[in-house]
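**Q** give me coordinates for this.
(one chain, ligands or ions: 1)
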Amino acid sequence: MFDMSVIEGLCKRRGFVFRSSEIYGGFNGFFDFGPLGVELKNNIKSAWWKDFVHRREDIVGLDASIIMHPDIWKASGHVAGFSDPMVDCKESKMRFRADQLYFAKVSVEGEVIGYVSVLEDADMQAQAEKKALDLKRHLAKQGQLDKIELFDYTHARPDEYALIPSPATGKPGSLTPPRDFNLMFQTYVGALRDETAVAYLRPETAQGIFADYKNILDTSRVKLPFGIAQIGKAFRNEITPRNFIFRSREFEQMEIEYFISPYEDWKSLHRKWIDDCKKWFVSIGLPADSLSEDVHPQEKLAHYAKACTDITFKFPHGLQELQGIAVRGNFDLTQHQNASGKNLEYFDEERKEKYLPHVIEPSLGVDRTFLAVLTAAYCEDEVPSEKGTPEKRTLLKFSPRVAPYKAAVFPLVKNKPEIVEKARAVYEKLQRRWNVFYDASGAIGRRYRRQDEIGTPFGITIDFDTVEKDGSVTLRDRDTTKQERVSVDELVSYLSEKIDV
Ligand code: ATP
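**A** Predicted structure coming up:
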């Protein structure tokens, strides 16, 4: 597995993702999506919308506002409890998430000789063991090191705070006890800048769905079980945004609240959601064996939640959450019914009974999906050059569903007007349906290579045979580099079968 810097470098070089405000030195936790990035991101979002809204009879869409009534965030529990444990290093002035700062007691044959600390990472165990060995050498201790057992800083006892070294300085004594840090960004609405004007940028899209649930129930002929889907920006003032776009402060979510009867068999519906979401990831190019499930143990669930399973993906920095699929009971609707004073009950015609529906909540980050798609697509191989010698190439094996450009059109030569004219005609025809690229400059092999690097699945070359003989074009497959002749008339339907799945 390559590391994140490879993906980051490629994103910068090819115009997928830039650091926000880069000419001003960047702005930590914020990113811009360049010309190829915005296409990839839009394709991911539209594939999701197509599969979870258009192709289902039981889900409708919503686009709620980002800034909502502040009481929504009081009722949902976010004002009081949407926080991460934070720890400061008084010396370096660095901040860490306490649950991502790991420490271990170091002992030699039972005698404690000190502590080591590391930041959460795929190889943090090895890092901690190396630090423990360094500490033992530094103190010139003889004997065998005992097993190093890492715990996160939220598990440190108060008497241990002063003994655990700061990951910034390597020295103990400067870490504060962990304290809660609310992740919501605050702003003011209207001309006054006092407490009464405080509002929040939404930290998740889900609450907009609950707030509009009644409107949708009253206007859309939906019957349980049904879902409301939303794609939109969310904002979290993350203490330590890191791992490129994996954890940022402004990101997008694709969320569904799937409302079900309290009498429904939620376990089998939850299982079906997990399976459907995994299938969807495979449909956009994530290999099935890169996905796994992390079932939250009962004791770690919120008091109202019945179950939660994360779908995890092998990111360059380790196996991490891509999507959370929670069974939340009727907690949110109950809270909003109580706080707003509006009746949010559903009338079950069959049972002749009113109740608040329960929900299953598949919650997915667009940016994390984007990173997973790039990670899965990146590869290097060797193909024969035009001279027949093996040549290294970097390619992005995007599924045609999400590839930024679906095809590139090349006139074999640019000094033959009939060829160029035909190539432009093919390009314009395809352009009416998809985002396609036209490239007339450079040797054909170089032009193929440039498209391989940005993940364009099909290369279409218009050559002498196209204009002089049968009107067919050469269609080159990005992954196998195999070429076949396809007639111009069949080109659209041929491509459509592969792209519009
Ligand atoms: P984490 O534990 O990684 O902070 P979370 O469990 O708080 O995530 P949720 O609140 O369940 O995340 O959010 C749902 C989804 O939104 C996540 O699975 C992830 O894909 C995405 N997401 C959450 N926080 C961020 C972030 N800071 N940057 C990018 N995507 C995010």
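**Q** what is the burial count for Arg485?
**A** Residues lying near Arg485 (other CB atoms under 10 Å) number 13. C-beta here means a position set from N, CA and C on the backbone, and glycine is covered the same way.
**Q** extract the C-alpha trace of the host helix or strand of it and format it as PDB.
**A** Following DSSP states H and E, one finds Arg485 within strand 483-487. Extracted in PDB, the C-alpha atoms of strand 483-487 (Å, rounded to 0.1, in the frame of the first residue of the first chain):
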ATOM      1  CA  GLN A 483      -8.000  -1.900 -29.000                       C
ATOM      2  CA  GLU A 484     -11.000  -2.800 -31.100                       C
ATOM      3  CA  ARG A 485     -12.900  -1.200 -34.000                       C
ATOM      4  CA  VAL A 486     -16.300   0.100 -33.400                       C
ATOM      5  CA  SER A 487     -18.600   1.800 -35.900                       C
END
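**Q** need phi/psi at Asp121.
**A** Backbone torsions of Asp121, given as degrees, to the nearest 10, read phi -160, psi 160.
**Q** verify the stated contact: it with Gln127.
**A** Yes - here Asp121 reaches Gln127: they are 6.8 Å apart, a contact under CB atoms under 8 Å.
**Q** which is the next helix or strand following the strand holding Arg485?
**A** Following strand 483-487 toward the C-terminus (DSSP H and E): helix 488-499.
**Q** and that next one, C-alpha only, in PDB?
**A** Output in PDB follows, covering the C-alpha atoms of helix 488-499 (Å, rounded to 0.1, in the frame of the first residue of the first chain):
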ATOM      1  CA  VAL A 488     -19.300   5.400 -35.100                       C
ATOM      2  CA  ASP A 489     -23.100   4.700 -35.200                       C
ATOM      3  CA  GLU A 490     -22.700   2.100 -32.500                       C
ATOM      4  CA  LEU A 491     -20.300   4.100 -30.300                       C
ATOM      5  CA  VAL A 492     -22.900   5.800 -28.100                       C
ATOM      6  CA  SER A 493     -24.800   2.700 -27.300                       C
ATOM      7  CA  TYR A 494     -21.600   0.700 -26.800                       C
ATOM      8  CA  LEU A 495     -20.300   3.300 -24.300                       C
ATOM      9  CA  SER A 496     -23.600   3.800 -22.600                       C
ATOM     10  CA  GLU A 497     -23.700   0.100 -21.600                       C
ATOM     11  CA  LYS A 498     -20.400   0.600 -19.700                       C
ATOM     12  CA  ILE A 499     -21.000   4.100 -18.400                       C
END
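**Q** for that helix, which positions count as buried?
**A** Using 16 or more other CB atoms under 10 Å as the test for burial, helix 488-499 gives Val488, Leu491, Leu495, Ile499.
**Q** need the contact list for whatever residue of the chain ends up closest to the ligand.
**A** Nearest residue of the chain to the ligand, counting by CB to the nearest ligand atom: Gly365, 2.6 Å away. With contacts taken as CB atoms under 8 Å, 6 or more residues apart in numbering, Gly365 has the following neighbours: Phe251, Glu252, Gln253, Met254, Leu322, Gln323.
**Q** from those residues, which ones fall inside strands?
**A** Phe251, Glu252, Gln253, Met254, Leu322, Gln323 (DSSP state E).
**Q** coming back round to it: direction included, what does the strand holding Arg485 pair up with?
**A** strand 472-477 (antiparallel) (DSSP bridges).
**Q** dump the partner strand to CSV, restricted to CA.
**A** Output in CSV follows, covering the C-alpha atoms of strand 472-477 (Å, rounded to 0.1, in the frame of the first residue of the first chain):
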residue,chain,number,x,y,z
SER,A,472,-15.2,2.8,-37.7
VAL,A,473,-13.0,4.2,-34.9
THR,A,474,-10.4,2.6,-32.7
LEU,A,475,-11.7,2.2,-29.1
ARG,A,476,-8.9,1.6,-26.6
ASP,A,477,-9.6,0.2,-23.1
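**Q** any buried residues in it, and which?
**A** Ser472, Val473, Thr474, Leu475, Arg476.
**Q** what mean pLDDT would you report for it?
**A** In this model, strand 472-477 has an average pLDDT of 95.
**Q** also stretch 294-309?
**A** 93.
**Q** contacts for that stretch?
**A** Residues contacting stretch 294-309 (CB under 8 Å, 6+ apart): 266-267, 270, 274, 293, 310-312, 321, 324-329, 331.
**Q** out of these, who has the most neighbours?
**A** Going by other CB under 10 Å, Ile325 tops the contacts of stretch 294-309 with 24 neighbours.
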